[in-house]
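>>> Quick one, what's the 3D model for this:
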Amino acid sequence: MVIRTRRTAADSIASTGPHHDVQAAEAASPRRAPDAAAQKAQDMIEIERGLLKTALGTIHYRAAGSGDPILLFHINQQSSAMMLELMEALAPDFRVLAMDYPSHGMSDHVARQPSIGDYADIAVRLMDANGIARAHLIGEAVGSLVATDLAGRHPDRVSRVLLVNCPYLPGVPLNQTKGDVTSDHRPTDPSGFPLTRTMEFVLDRDPAHSPMHLTQSWMDRINRAQIEAGRNRWQALDALRAFDLPGGLDRLRRPVRVLMGEHFYFLQYRDTMMAHLPGAALKVVPNGRFCVTWEHAATVAQEARTFLRDEAD
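Numbers count the residues shown, from 1 in each chain. Prediction:
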């Protein structure tokens, strides 16, 4: 059963963390750029909220807009709340749906370790529940793996695939690279429950997994996502580690485009990755690093419009 409520993006963003005097905070630090995209989303877009019963509990999702459907898949330890700016940019032209993975956002927590395939299967269930026969896919980081698996195993349900910051590694274990996420980057209290972080902490300890220009809105949403995921926040990353990404890329038969931030750690392996995607194009997002779907939502949306509207297969 699908249950829908309607809230504006202003409700969604305003409820993403403790109250802060954002203008004063940004004035005090030159690194805290104005969050114009978030403000625009607050002013313009209306978000639908849905609940979907699945084998892995009740899944929460956001939806907006009308037109050809697009499914968005978020980054590890985040939620669909981080896709609000991209949803706002796409909604005038597309029907956009963004789910929270199990144990993330407002979805139910699950005790067992989900796989990337589980996330993809939930996405198919979401499509069925919303009467979507075929959709475009956009995913960043872990989300790019979900899009890869869904398109590889269900090509009849997918039109085109936009992979953003796909974390491809050529035979190197993730934990042996600077692209890994560790407990040093994500502190906990003595019981192991996530602690909130400041922008200064992130820029000092974990810049590889942050945008180039942080804002308080971004930090609040990240902190809330960490609390929502709780002790299960490593599930999506463990699913990433277990997924055969080269094999998944080899199975893709739908049109694919790749976007990578200019400063994204895994960009150095792009040539090896693209060898698995003959005929696909890769574009580099200038001044992008991580959370490109948030920081460069307008750029990603424009690339999506150009690529997804090209009917030539």
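
>>> Tell me how far residue 48 lies from residue 306.
For residue 48, the distance to residue 306 equals 26 Å [Cβ to Cβ, to the nearest Å]. Placement of C-beta: from N, CA and C, glycine included.

>>> Check residue 141 too.
Computed as Cβ to Cβ, the residue 141 to residue 306 distance reads 22 Å.

>>> more crowded one of the two?
Neighbours were counted for residue 141 and for residue 306 using other Cβ atoms under 10 Å; residue 141 has more, 30 against 11.

>>> who's in contact with the more buried one?
75-76, 164-167, 240, 290 (Cβ atoms under 8 Å, 6 or more residues apart in numbering).

>>> can you give me the strands for this protein?
Ranges of strands within the chain are 2-8, 46-54, 57-65, 68-73, 94-99, 135-140, 158-164, 256-261, 281-285, based on DSSP state E.

>>> Quick check, pLDDT for the nearest residue to residue 300 once chain neighbours are set aside.
Nearest non-adjacent residue to residue 300, counting by Cβ to Cβ, 6 or more residues apart in numbering: residue 293, 5.4 Å away. We note a pLDDT of 98 for residue 293 in this prediction.

>>> OK, contacts around residue 293?
By Cβ under 8 Å, 6+ apart, residue 293 lies in contact with 72, 82-83, 85-86, 138, 140, 164, 300.

>>> what about it, distance to residue 154?
In this view, residue 293 and residue 154 are 22 Å apart by Cβ to Cβ.

>>> Over to residue 74?
20 Å.

>>> out of the two, which sits in the busier spot?
For residue 74 and residue 154, the more surrounded residue by other Cβ under 10 Å is residue 74, and the numbers stand at 29 against 16.

>>> wait, what's in contact with that one?
Applying Cβ under 8 Å, 6+ apart, we find residue 74 in contact with 80, 82-83, 98, 100-101, 104, 139-140, 142-143.

>>> what's the answer for residue 68, then?
Applying Cβ under 8 Å, 6+ apart, we find residue 68 in contact with 93-95, 135-136, 159, 308.

>>> mind listing the helices in the stretch 101-250 of the chain by residue range?
Per DSSP state H, counting those that start in this stretch, the stretch 101-250 of the chain carries helices over the ranges 116-129, 142-153, 199-205, 216-229, 235-242, 245-251.

>>> Can you name the residues in contact with the last one?
Right, helix 245-251. Helix 245-251 has contacts (Cβ under 8 Å, 6+ apart) with 116, 145, 148-149, 152-153, 166-169, 273, 276-277.

>>> Send over it as CSV, restricted to the C-alpha atoms.
Taking C-alpha atoms only, helix 245-251 is exported to CSV below (Å, rounded to 0.1, in the frame of the first residue of the first chain):
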residue,chain,number,x,y,z
LEU,A,245,30.8,-2.9,-9.8
PRO,A,246,32.9,-3.9,-12.9
GLY,A,247,30.5,-6.8,-13.5
GLY,A,248,27.5,-4.5,-13.0
LEU,A,249,28.9,-2.0,-15.5
ASP,A,250,29.6,-4.8,-18.0
ARG,A,251,25.9,-5.8,-17.9
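
>>> Enumerate the positions of that helix that are buried.
Residues 245-246, 248-249 are the ones in helix 245-251 that count as buried (16 or more other Cβ atoms under 10 Å).
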